[in-house]
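Colleague: This is the structure alone, sequence omitted:
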């Protein structure tokens, strides 16, 4: 895990040097000029997420997260580098259309991260429907200490009957901490009246919760957190089944009742809002957040996955995926599935039966 950048000072001892940053967070082309007095930089490149598929016949899957490539570069003051930030896959508003791929991001010719593929859709629903694949990272030999990682795939939907609603969450982007987690899978939908929504993935293989449903109930799974999974859920009756999001210290828990409970959320140490900056993220200071449960929100939780359920009550943290049914994630995580799902990072957008929101734009982050 990337923690801090060390350089030697004049007396030979190490001191931490990670003081300045330049971030490119919106799609487009730019030029970075190396500042005076700088001879080494760290660059993190994230590809854009794919959008989810859209089918009002209620079978659609999430888009894949963008890939990641990062590492140190020896540079000279005044040196110029072309910076490209990929655009997130455009959201789909026409019924029966697959999602769109996200664009690639790059730093010169040295680091490239491709975008995630769009999710898919189908009606009828008998066959396996896969989520969009994640992007990849590519680093040249000139990059020192290069790390590349794959974006997580969107959630898959297993074979199931027509008439069931199956939406899966988007995958998370790759990161300096490893491959992105995948959106939750719907593994079985044995009833025509089943409603299934899965959470999005989080950084470092924090997967959205899977769903096993064999009745007329509604299942909503939690979003993945940093290195920990959102909880899956199982329905064998007609109840609404919630589950908690993963945190930075433990995975979420499946709810034992139809009432959202705070202990369903994965544990964490608290978190920091996005505006603390990416230096904090890459130093690990921000990746400490608890998961959310269905009755609350985690807008400021680092690394916390959203809990399932309810109109923006399933917001994930910086590296966490959104919970199902209205799940919004912050930087890096995939959106959870559902009518109100959106995306604000470089993970994939969710699949949807009303409007499939787009994948998040890529990013290029430079530290020195």
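Modeller: Looks like it arrived, so ask away. No experiment lies behind these values; they were computed from the predicted model shown.

Colleague: just checking, next helix/strand downstream of the worst-scoring helix or strand of the chain on mean pLDDT?
Modeller: The least trusted helix or strand in the chain, going by mean pLDDT, DSSP states H and E, turns out to be strand 14-16, with a mean of 35. Per DSSP states H and E, strand 14-16 leads on to strand 21-24 as the next helix or strand towards the C-terminus.

Colleague: Poorly predicted segments of the stretch 101-250 of the chain, please.
Modeller: 124-126, 160-163, 189-193, 214-216, 235-239, 244, 247-248 (pLDDT under 70).

Colleague: Residue 188: neighbouring residues, count only.
Modeller: Look at residue 188: counted by other Cβ atoms under 10 Å, it has 17 neighbours. For every residue, glycine as well, the C-beta is placed using N, CA and C.

Colleague: Which helix or which strand is home to it?
Modeller: Counting by DSSP H and E, the element that carries residue 188 is strand 186-189.

Colleague: what sits against residue 111?
Modeller: 43, 45, 69, 70, 71, 137, 138, 139, 140, 143, 146 (Cβ atoms under 8 Å, 6 or more residues apart in numbering).

Colleague: Swap in 7 Å and give it another go.
Modeller: Residue 111 sits next to 43, 45, 69, 70, 139, 143 when contact means Cβ atoms under 7 Å, 6 or more residues apart in numbering.

Colleague: Residue 84 too?
Modeller: Residue 84 touches 29, 105, 106, counting by Cβ under 7 Å, 6+ apart.

Colleague: Which element, helix or strand, includes the closest residue to residue 50 other than its chain neighbours?
Modeller: Nearest non-adjacent residue to residue 50, counting by Cβ to Cβ, 6 or more residues apart in numbering: residue 63, 3.0 Å away. Residue 63 belongs to no helix or strand when assigned by DSSP H and E.

Colleague: Phi, psi for the closest residue to residue 139 other than its chain neighbours please.
Modeller: Excluding the flanking residues, the one nearest residue 139 by Cβ to Cβ, 6+ apart is residue 146, at 3.7 Å. Here the main-chain torsion angles of residue 146 (degrees, to the nearest 10) amount to phi -60, psi 140.

Colleague: Look up how far residue 107 lies from residue 146.
Modeller: 12 Å (Cβ to Cβ, to the nearest Å).

Colleague: Look at residue 145 and tell me its secondary structure.
Modeller: strand (DSSP: H, G, I helix; E, B strand; the rest coil).

Colleague: same deal with residue 95?
Modeller: Of the three states, residue 95 takes coil according to three-state DSSP.
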